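In: Got a sequence here, can you build the structure:
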Amino acid sequence: MNVTDPIHLFRQSAKRWPLRAALQVEGRTITYQELDAWSNAIAHRVIGQGHAGERIAFVARKEAPSYAAILGIMKAGSAYVPLPPDGPTTRWTTMLQRAGVRALVGREQVDDLDGIDGGEQGTHAPPDMPTNGEAYVLFTSGSTGGPKGVSVGRANVAAYLEHQLAVNEFHSTDRFSQFFALTFDLSVHDLFVCWAVGGCLCVPTPSELMGAASYAREAGITVWFSVPSLVVLQQRLRTLNEGALPDVRIALFCGESLTWSVLRAFAAAAPNGRLINLYGPTEATIAIAAYEADRGSLGQEGVVPIGRTFRSTDGRIAGEELELCGPQLARGYVGDQEATDRAFRVEQGVRWYRTGDRVRMDDQDVLHFLGRTDDQLKIMGHRVEPAEVDAALAPLLGGTPVITLPREEGGAVRLYTFVQGVVDQPALMNELRRVLPSYMLPERILQVDRMPMTAHGKLDRRALLEQVEHG
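Out: A predicted model of the protein is given here:
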């Protein structure tokens, strides 16, 4: 048994602190004893219906049954596949097919899947199941049109937890934020770091999430973890006032570039908090590098460094691209060996992952993020390939030129889709809503008479984006 296996750590906490709050969600407090029993019941049903060791889906609403489902699925030695609660169902179908899912926990009806009831009855633990298998499959945007499923093993998660628990003094009295969607791998940190130490996971409602700083103050959050853009939103709402978060003692940020100006604002609001910038793609399990900012260095401008890779991992720079190795590297992409072989390669017995992130290393061996080698973006922390928007529209356009481009507006990245010629813009947008999640939808679809070209015969992206501002 790996001592930092996520389920092993949860069970230890449930045994040590059975009556302590494990989860606060929807105005309800659930103890470790209750969450343990609930997830045991789900595990028994998964095993009893013959799905132990398989991939099992659930609709990832941030409600109590979802957290029990994650634990129950993993207790059965299975891997969970979270489906975005806002759909669309066509995307669910693609995800389920690519992951080979045959069962679903919850009340939803999905054709050709076995339904597993997530009721609360049952207390005794299921039989011990293998812990060296798959933990979850999370889908990210794919440039070839359609989501790409990353397979992450329990040993990968255990390696991440081992590092976090060694370098950060999390306490059983800590109250952890849970701001991330359960389809986002940073949520795995929220759940299993919290439950490893006997803390309480605090889940805001969607409206409370909008005012995350106010929620954190009222909920007594001591460990904050978010994308930087959530902090920017709090600044706009004027809830991130000086001293507003006195209880926060550890603040972590990941998923997007963190600027020093944003970090300064948060530092003023949380005067007692350590400030840690994490970096890592889904393929490297949650995060794989860290930089802790000294409060004396907050006067800098630009982007906060991504730091150094974790002790058990390693990184190298090929050209400008960061490549990673170590026990946190995911297994690859489900149902896509070609993509796996492109991104992961073995050299002299060592497996490396090509991140696609451009970095530089300073004379202190600290890594600094410079951008991407491709067109991949981060929107509220979600990986987005603009080409996936174009691929979704292609069947309707019959070869008509189309391109989706990003534009930064007020500290946030927004997408705009440009189509050559006269098109039915509302119909195209409705099609995108049918096949893409909300965070991938463009702000607008704009018509252009002809795609502008530069003097070198390349698409003039700047000229297109100027049309957003000038009509």
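
In: ranges for the helices of this structure?
Out: 6-16, 32-48, 64-75, 89-99, 154-167, 186-197, 206-210, 212-219, 228-237, 260-269, 337-343, 386-397, 425-435, 461-470 (DSSP state H).

In: and this protein, what are its domains?
Out: With domains defined by automatic domain parsing, the chain comprises 1-131, 152-374, 385-470.

In: Nearest to V137, out of those domains?
Out: domain 1-131 (4.8 Å; Cβ to Cβ). No exception for glycine: its C-beta is placed from N, CA and C like everyone else's.

In: Now do the contacts for the nearest residue to L9 once chain neighbours are set aside.
Out: Residue nearest to L9 in three dimensions, not counting chain neighbours: A196, with 3.9 Å by Cβ to Cβ, 6 or more residues apart in numbering. Going by Cβ atoms under 8 Å, 6 or more residues apart in numbering, A196 touches 4, 6, 9-10, 13, 161, 165, 170.

In: re the thing from before, mind putting the helices of the chain into CSV with mean pLDDT and distance to P130?
Out: Formatted as CSV, these follow (pLDDT from 0 to 100; distance: least, Cβ to Cβ, whole Å):
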stretch, mean pLDDT, distance to P130
helix 6-16, 97, 11
helix 32-48, 96, 12
helix 64-75, 97, 11
helix 89-99, 91, 19
helix 154-167, 97, 9
helix 186-197, 98, 18
helix 206-210, 95, 36
helix 212-219, 97, 37
helix 228-237, 92, 37
helix 260-269, 96, 41
helix 337-343, 94, 22
helix 386-397, 86, 35
helix 425-435, 89, 36
helix 461-470, 84, 49
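
In: ok so, going back, state the distance from the residue nearest to L9 to V3.
Out: 10 Å (Cβ to Cβ, to the nearest Å).

In: Kindly report the same for E292.
Out: On the measure of Cβ to Cβ, E292 and V3 end up 25 Å apart.

In: Was I right to think R11 contacts A37?
Out: No. Taking contacts as Cβ atoms under 8 Å, R11 lies outside contact range of A37: 11.9 Å.

In: picking up where we left off before, closest to S141 out of the domains of the chain?
Out: Closest among the domains of the chain, using Cβ to Cβ: domain 385-470, at 4.3 Å.

In: which of the helices of the chain sits most buried?
Out: helix 64-75 (a mean of 25; mean count of other Cβ atoms under 10 Å).

In: what does it contact?
Out: With Cβ under 8 Å, 6+ apart, helix 64-75 has contacts from 6-7, 10, 23, 25-26, 28, 30, 35-36, 38-43, 45-46, 56, 58-60, 79-80, 82, 105-106, 118, 120, 125-126, 129, 135, 154, 182, 191, 201.

In: which regions of the stretch 301-450 of the chain sit below the pLDDT cut-off?
Out: By pLDDT under 70, the low-scoring segments of the stretch 301-450 of the chain are 411.

In: quick one: the strands in it?
Out: Along the stretch 301-450 of the chain, the segments classed as strands by DSSP state E, counting those that start in this stretch run 308-309, 314-318, 321-325, 332-333, 344-347, 350-361, 367-372, 377-379, 382-384, 402-409, 412-420, 444-448.

In: and the second one, what does it pack onto?
Out: Contacts of strand 314-318 with other secondary structure elements, assessed using 3 or more Cβ pairs under 8 Å, 6 or more residues apart in numbering; DSSP states H and E, are made with strand 321-325, strand 350-361.

In: go with 10 Å
Out: If you count contacts as 3 or more Cβ pairs under 10 Å, 6 or more residues apart in numbering; DSSP states H and E, strand 314-318 packs onto strand 308-309, strand 321-325, strand 350-361.

In: quick one: strands adjacent to the longest one?
Out: Pairing partners of strand 350-361, with direction, according to DSSP bridges: strand 321-325 (antiparallel), strand 344-347 (antiparallel), strand 367-372 (antiparallel).

In: just the shortest one next, same as before
Out: Each strand paired with strand 308-309, and its direction, by DSSP bridges: strand 289-293 (antiparallel).

In: Make TSV out of the strands of the stretch 301-450 of the chain and add mean neighbour count and distance to V231.
Out: Output for the strands of the stretch 301-450 of the chain, formatted as TSV (neighbours: other Cβ atoms under 10 Å; distance: least, Cβ to Cβ, whole Å):
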stretch	mean neighbour count	distance to V231
strand 308-309	20	23
strand 314-318	14	26
strand 321-325	22	25
strand 332-333	22	32
strand 344-347	12	33
strand 350-361	17	22
strand 367-372	16	17
strand 377-379	19	14
strand 382-384	21	17
strand 402-409	17	16
strand 412-420	19	12
strand 444-448	16	27
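
In: Pull up the overlap in contacts between R11 and A37.
Out: A125 (Cβ atoms under 10 Å, 6 or more residues apart in numbering).

In: E469 is in contact with A463, correct?
Out: No. Contact criterion Cβ atoms under 10 Å: A463 and E469 do not qualify, at 11.4 Å.

In: Excluding sequence neighbours, find me the nearest residue to the residue nearest to the spatial centre of the chain.
Out: The chain has F184 as the residue nearest its centroid, 2.5 Å off, counting by Cα atoms, centre = their mean. Using Cβ to Cβ, 6+ apart and skipping the chain neighbours, the partner closest in space to F184 is G381 (6.3 Å).

In: Equivalent analysis for T183, please.
Out: P82 (4.7 Å).
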